[in-house]
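In: heads up, no residue letters with this:
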Ligand SMILES: [Zn+2]
């Protein structure tokens with residue numbers, strides 16, 4: 001079995017940032033997936049599921065209504081490991097091109113007041129599982145990180161040795 005690309009990056013060397021994860025071709029068009037990583041994997045607490053869920057709702061709503069991005073956005077959603085998000089957009093922008101909109105999105109989240117959009121039994125599969133204060137706190141932390149981060153580091157995954165098939169298998173077995 002092949003390791004999917006986002007697993008084949010050495011997670012012990014990843015720092016938070018905005019990384020191209022994969023590029024897919026759909027007919028003549030491209031779709032690019034970025035990993036929006038908020039946490040250093042396995043080195044600090046992951047995000048609580050309720051805060052993650054709230055960030056998913058608030059930022060998805062923000063992006064879906066954004067003049068410049070609403071037509072380019074394909075998908076916004078949480079990573080199962082609760083350390084970040086995936087965003088899929090049309091075309092192939094560079095990771096650094098995603099920086100302004102991600103900064104803006106998390107600034108919006110950090111300052112958000114009021115009802116969480118879509119947090120109702122009609123619109124959500126688990127509408128009681130939200131945590132706006134923690135979502136704001138996590139967003140604020142990420143904004144501060146992005147603003148201060150070394151731009152030579154946060155847009156490119158660390159180069160690692162290509163994993164061998166055996167290593168892949170070990171990864172899956174562990
Ligand atoms: Zn929901």
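Out: Received it, and whenever you're ready, just let me know what you need. What you see is a predicted model; the values in this text were computed from it and never measured.

In: give the contact list for the most centrally placed residue in the chain.
Out: With distances taken as CA atoms, centre = their mean, residue 85 lies nearest the centre of the chain, 2.1 Å away. Residue 85 sits next to 35-36, 38, 55-56, 59, 76-79 when contact means CB atoms under 8 Å, 6 or more residues apart in numbering. Bear in mind the C-beta positions are built from the backbone N, C-alpha and C, glycine included.

In: ditto for residue 79
Out: Counting by CB under 8 Å, 6+ apart, residue 79 touches 35, 85-86.

In: quick one: mean pLDDT for the strand or helix carrying residue 25?
Out: Taking DSSP states H and E as the definition, residue 25 sits inside strand 17-26. What strand 17-26 shows for mean pLDDT is 95.

In: what do you get for stretch 109-122?
Out: For stretch 109-122, mean pLDDT rounds to 97.

In: just how off-centre is that stretch within its chain?
Out: With CA atoms, centre = their mean, to the nearest Å as the basis, stretch 109-122 stands 19 Å off its chain's centre.

In: buried ones in it?
Out: Residues of stretch 109-122 classed as buried: 109-110, 112, 116-117, 119 (neighbour count, 16 or more other CB atoms under 10 Å).

In: straight-line length of that stretch, end to end?
Out: End-to-end distance of stretch 109-122 (CA to CA, to the nearest Å): 23 Å.

In: same check, this time on stretch 56-74
Out: Chord length of stretch 56-74, first to last residue, is 14 Å (CA to CA).

In: hmm, who's touching that stretch?
Out: 31, 76-78, 85, 87-91, 101, 105-106, 108-109, 112, 116-119, 124, 130, 135.

In: among these, which ones are in helices?
Out: Using DSSP state H, the subset of the contacts of stretch 56-74 located in helices is 101, 105-106, 108-109, 135.

In: and the nearest residue to residue 120 once chain neighbours are set aside, how many neighbours?
Out: Of all residues not flanking residue 120 in the chain, residue 127 sits nearest, at 5.5 Å (CB to CB, 6 or more residues apart in numbering). Per other CB atoms under 10 Å, the neighbour tally for residue 127 reads 15.

In: unless I'm mixing things up, residue 127 is touching residue 121, no?
Out: Yes: between residue 127 and residue 121 there is a contact under CB atoms under 8 Å: 5.3 Å.

In: and the angle for the helix or strand where residue 103 lies with strand 17-26?
Out: Using DSSP H and E, residue 103 maps to helix 99-111. Per axes from the mean of the first three to the mean of the last three CA atoms, to 10 degrees, the angle that helix 99-111 makes with strand 17-26 is 120 degrees.

In: that concludes my questions; thank you for your assistance.
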